[in-house]
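[1] fold the following.
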Amino acid sequence: MRNEAAVLYGPHDVRLEERPVPVPGPREVLVEVRSVGVCGSDVHYYEHGRIGSFVVEQPLVLGHESMGVVVGLGSEVTKHHVGERVALEPGVPCGTCRECRAGRYNLCPYVKFFATPPVDGAFARYVTIHEDFAYALPDEISDDAGALVEPVSVGLWACRKARLRGGEHVLVTGAGPIGLLAMQAAFALGAARVTVTDVVDERLQFARKVGATATVNVRSTPLVEAGVEADVLIECSGSPTAVADGLRCLRPAGTAVLVGMGPGETVEIPVAYLQQHEIWLTGTFRYANTYPDAIELIRAGKIRPEEIITGHYPLAEAESAMQATRRDPSQVKVMVLPQLEA
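    Residues are numbered from 1 along each chain as shown. Okay, the predicted model is just below:
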């Protein structure tokens, strides 16, 4: 076994190097990684070397949207067998803190999350993970779709936080991968209509192609002038303008879920509008207890993550993969295939 990895040393500095094959702990599985999605956070670390308080201070392997095949078992593993295809939930919480014990393990302050300094991620041929956070994939789900269970979970969690019941008009601001998968999750949970906004025409054309009811280019038509009146806002862009304008497009007693993370720690919120219209406003941080449902929704064809994939790269070209969406706005989601030879 050779464990090659694409390692970030600093902004715009990715090196392919060989590392030791990790040894699984007693309750861990060793996974041969087959497919990894490039996330916006990977690109941000590549461009800036940090996200907020998380700073790349030592060489870091990026990539957290992943799946693979189990090739080794720790001494106490009981849930998996060698040869099993698995989707990897990249955040392993402590399991004992207050938030974990309450079921909110996504808020665990001690979580070890792939590709979040100093924890290495999955742009590698092999990784290890606790058996509880590897989920068996049915044969109907492809490797790429299995890797994208992670961003599907982000969209599904946002829709759960929005308390979708069926029949709603959902406004999704931001037509990137998370916005598009949140749109599909909303439809899967019974939304009647989904309007998607962005500032890039190519992204909006893609949104219509994969199911959006309507789209608005807010660069040319401000959202507050577009006549949109929604029951739910799922904000996926991180844009302060999208937050404020999206809130103003909600019907009385509507719900707003903030998913996208912007460049600053604060944004202006139209508080008077929220009060006068009794708007519910919440944020999300990753997801919890979503993987089994996300896998089933993909298996049933209700969420189709492969539709947003626009490119594949071998591990040796991981740096090019992280540059793809910046070079070409028509690129939506690109995948790194660690076992693919360059």
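[2] going forward, measure contacts between C-alpha atoms and count neighbours the same way
    Fine.
[3] now the helices for the stretch 201-342 of the chain?
    201-209, 240-248, 271-277, 291-299, 318-327 (DSSP state H, counting those that start in this stretch).
[4] show me what counts as buried in the first one.
    This points to helix 201-209. Residues 201, 203-204, 206-207 are the ones in helix 201-209 that count as buried (16 or more other C-alpha atoms under 10 Å).
[5] ok, the shortest one next?
    Buried positions in helix 271-277, judged by neighbour count with 16+ other C-alpha under 10 Å: Leu274.
[6] likewise for the fourth one?
    For helix 291-299, the buried set under the neighbour-count rule, 16+ other C-alpha under 10 Å, comprises 291, 294-295, 297-299.
[7] about what we covered before: including mean pLDDT and distance to Leu8, could the helices of the stretch 201-342 of the chain go into CSV?
    As requested, the helices of the stretch 201-342 of the chain are exported to CSV (pLDDT from 0 to 100; distance: least, C-alpha to C-alpha, whole Å):
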stretch, mean pLDDT, distance to Leu8
helix 201-209, 96, 28
helix 240-248, 97, 30
helix 271-277, 97, 41
helix 291-299, 98, 28
helix 318-327, 94, 9
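[8] quick one: which of those is nearest Ala188?
    helix 291-299 (7.6 Å; C-alpha to C-alpha).
[9] quick one on the thing from earlier: adding distance to Ala145, write the helices of the stretch 201-342 of the chain out as JSON lines.
    Below are those laid out as JSON lines (distance: least, C-alpha to C-alpha, whole Å):
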{"stretch": "helix 201-209", "distance to Ala145": "18"}
{"stretch": "helix 240-248", "distance to Ala145": "29"}
{"stretch": "helix 271-277", "distance to Ala145": "38"}
{"stretch": "helix 291-299", "distance to Ala145": "8"}
{"stretch": "helix 318-327", "distance to Ala145": "18"}
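[10] for Leu189, find the nearest of these.
    Nearest of the helices of the stretch 201-342 of the chain (C-alpha to C-alpha): helix 291-299, 9.7 Å.
[11] the closest one packs against which elements?
    Applying 3 or more C-alpha pairs under 8 Å, 6 or more residues apart in numbering; DSSP states H and E, we find helix 291-299 packed against helix 149-161.
[12] mean confidence score for the helix or strand just after the helix it packs on?
    Proceeding C-terminally, helix 149-161 gives way to strand 169-173 as the next helix or strand, assigned by DSSP states H and E. The pLDDT scores in strand 169-173 average 98.
[13] which among the buried residues of helix 291-299 gets closest to Gln275?
    Closest to Gln275 out of those is Ala294 (34.3 Å), distances taken as C-alpha to C-alpha.
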